[in-house]
Each structure stands twice: as C-alpha cells, then as structure tokens.
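Engineer: Quick one, what's the 3D model for this:
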Amino acid sequence: MTFQPYVPTGGLAGWRFLQNTIASQKDAFSASAVVQRDMEYFREKISDVETPEQLVNDFRLLSVALNAFGLSEDINNKFLIRKVLEEGTLDPEALANRLSDTRYRDMARAFGFGDFPVPNTALSDFPDRIAARYVDQSFEQALGNTNNTMRLALNAQRELVNIAEEDSSNRTKWFRIMGTPPLRQVFEGAFNLPTSFGTLDLDRQLTVFEERTEAAFGTSDISELAQPETLERLLDRFAAVAGLTASFGTQVTSPALVLLRGF
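Structural biologist: Coordinates of the predicted model:
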C-alpha cells in the first residue's frame, strides 16, 4: 500500500497545512513499499542501460524515468520518448529543443544518451538523483489525485528555483516557464487569466506575464521571483485565487481580488 498525501481543505488554508506537514507526509510516502520497490529496481538496473531503446523497452525503468520528470502520462508514447532521448539536446534542431513542453528537454539532458559518448546512466550518483526526483514527482502526483492546486504549487516551489539558476536571459527563462505546463498553470492561475489567454501571440503572452508580475511583486525578473519571500507570496496568491475560484466560479470577482493585494 502507498501512503496517500492529504490536505483537509483547499485554498490558502490547505497550502498552509501542507507546508506544515510536508516533511512527515513525504517521509511516509517514500517509505511505502511500492515506492521503495520502484527505486530499488531503478538503482539495480539503470547502470546496464546504454541506449534509449533499452530504456523504453523496460516498462518499470521507463515508468520511473518519466515520473521523475512529470511525464508519466506519456508512458505509451515510446516512439516519441526514444527519439527525444536519441537526439539529445546539443543540436538546436533536436526534437527535445523543438517541443513546446520543456520537460522532455530536461529528461533528455539528464540521461545524456544523445549528448555524450557514454550516457549519464553510467555515473555512480545518477540513480540517486533520478530517485530523488521520482519521489518528489510521485508524491506530487499522488497529492494531485485529491488536490491538483497543491500539486502545482509544490512543483512550482521547486522548478521555479531551478529555472532561476540557469545561465540564460530572463526572456529565455520566461519562455521556459511558458513552455512547462505545470508552471504555466501557476502563473495563469495566480493572475486569474482566462483559458483563451494561451491563444495569444507568444510575445503578447510574455508581455502580460511580465506586467502582471511587476505589478504584483515589484519585479518580473525570474531570479528575484524565485527568492524565498517572493516565491512564497506568488504561491500564496495562486492557492488563494484557486480557493476563491472554487468557491465563486471560474471568474473571481474584483472584490475578492482586492483581498489578494497583500500577497
């Protein structure tokens, strides 16, 4: 049996509860028999994997790998996954660099099949690094089965910091966020943007994101947004808006948004 993460309510109150209990909940989850078996199998077998073909042909290994990057729903897209891994990330025209979902690029870069003569699967610390990601992502996925807002907030708490640390321009970092569905949902949710927002020109979307974050947090610099205090305010706002939306409908009323000015 696998431990089921739990929050008693949604919105800001639920987010606060999760923050206060996440350490004990994650310990219980990672100790679950199913999780332990998956990690043990991955640690035992992954060093023997030298090609993408070997990885996609082992369902259990592939399942752990995809879960570690939040791509578990793509378990049946073996041709796509194999091609992404084979081409790697060094060529700008590689499939991983052309897909809008940047999680594929993260996975291809982590495994290194198409980037190096010897893939990263041969490194001694590789199993532990992927296992740690697997626990985080699996915990979030399990939590998302009952409260997807909390899942998205936890993911953003980790991934926004990772993007902020990348050696790239602020514009590139924003496009990374816009191309990563879970992160994009957090920013769209925090500012209560309509579903039609994603149909706008990408440059226009970027302008809106920058203007909204500047107005709410005094900066549109991703490195500054990822600082603990500002990140906390962003996630508080996202959780609060999600709670209000659940209570009042898809469009939060202006009086309700007034309550969020302190976030």
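Engineer: Of all residues in the chain, which one is nearest the centre?
Structural biologist: With distances taken as Cα atoms, centre = their mean, the residue of the chain nearest its centroid is Asn155 (4.4 Å).
Engineer: what's near enough to touch it?
Structural biologist: Asn155 makes contact with Gly70, Gln137, Glu140, Pro182, Leu183, Val186, according to Cβ atoms under 8 Å, 6 or more residues apart in numbering. All C-beta spots, glycine's among them, are computed from the backbone N, C-alpha and C.
Engineer: How far off centre is the helix or strand harbouring Leu62?
Structural biologist: Leu62 belongs to helix 59-68 when assigned by DSSP states H and E. Offset of helix 59-68 from its chain centre (Cα atoms, centre = their mean, to the nearest Å): 16 Å.
Engineer: residues making contact with that helix?
Structural biologist: With Cβ under 8 Å, 6+ apart as the criterion, helix 59-68 contacts 38-39, 41-42, 45-46, 49, 55-56, 72, 74-75, 78, 81, 107, 111, 130-131, 133-134, 137-138, 141.
Engineer: what's the angle from the helix or strand just after that helix to helix 59-68?
Structural biologist: Going down the chain from helix 59-68, the next helix or strand is helix 78-87, by DSSP H and E. With axes from the mean of the first three to the mean of the last three Cα atoms, to 10 degrees applied, the angle from helix 78-87 to helix 59-68 works out at 70 degrees.
Engineer: ok, then the element right after helix 78-87?
Structural biologist: Using DSSP H and E, the helix or strand that follows helix 78-87 towards the C-terminus is helix 95-98.
Engineer: Could you list the buried residues of that following helix?
Structural biologist: Within helix 95-98, the residues scored as buried using 16 or more other Cβ atoms under 10 Å are Leu95, Ala96, Asn97.
Engineer: contacting residues for the second one?
Structural biologist: Which is Ala96. Contacts of Ala96 (Cβ under 8 Å, 6+ apart): Val84, Glu87, Gly88, Thr89, Tyr104, Arg105, Met107, Ala108, Arg109.
Engineer: In space, what's closest to Ser138 - neighbours in sequence excluded?
Structural biologist: Once flanking residues are discounted, Ser138 sits nearest to Asn67: 5.4 Å by Cβ to Cβ, 6 or more residues apart in numbering.
Engineer: Could you measure from the one you found over to Ala94?
Structural biologist: 23 Å (Cβ to Cβ, to the nearest Å).
Engineer: related to what we said a few turns ago, closest to Asp167 among the contacts of Ala96?
Structural biologist: Among these, Arg109 lies closest to Asp167 (Cβ to Cβ), at 13.5 Å.
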